[in-house]
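A.B. asks: What would the 3D arrangement of this be:
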Amino acid sequence: MATKTIEIRAKYNSGTTTVNALITHPMESGHRINSKTGDTIPPHFIQKVTCRYKETVLLAAQWGIGMPMNPYLSFSFEGGKKGEHVVLKWTDNKGNNDFAKAVIK
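C.D. replies: A predicted model of the protein is given here:
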């Protein structure tokens, strides 16, 4: 995978931090057929997504073949502080992974 697959932003407002992330990933289910070769396109999808603030796990998700290509993720949590950061990480079924930090604004 490319070295930068995550675009992430975090914004604090009135006691709540909202995190928005776009992950660039093909998310192949293993059910599609290559129209040129007739072969099945092998599965390639994100399996695990985690987001942390300090040492706290804010989000732990198990994804599968039902997720769309280039998935978008948005969630909020109580707390956070401007200038601190959140870290989002994913791992896929082929062992690829990436992470990104976002400074809370």
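
A.B. asks: So, low pLDDT: which residues of this protein?
C.D. replies: Filtered on pLDDT under 70, the chain yields the residue ranges 1-3.

A.B. asks: Go again with 50.
C.D. replies: Counting by pLDDT under 50, the ranges of the chain that qualify are 1-2.

A.B. asks: all strands in it, in order from the N-terminus.
C.D. replies: Using DSSP state E, the strands of the chain run over residues 6-13, 16-23, 46-53, 56-62, 72-78, 85-92, 97-103.

A.B. asks: Just want the angle from the fifth one to strand 85-92.
C.D. replies: Between the axis of strand 72-78 and that of strand 85-92 there is an angle of 140 degrees, by axes from the mean of the first three to the mean of the last three CA atoms, to 10 degrees.

A.B. asks: Then the third one?
C.D. replies: With the same axes, to 10 degrees as the basis, strand 46-53 and strand 85-92 are set at 170 degrees to each other.
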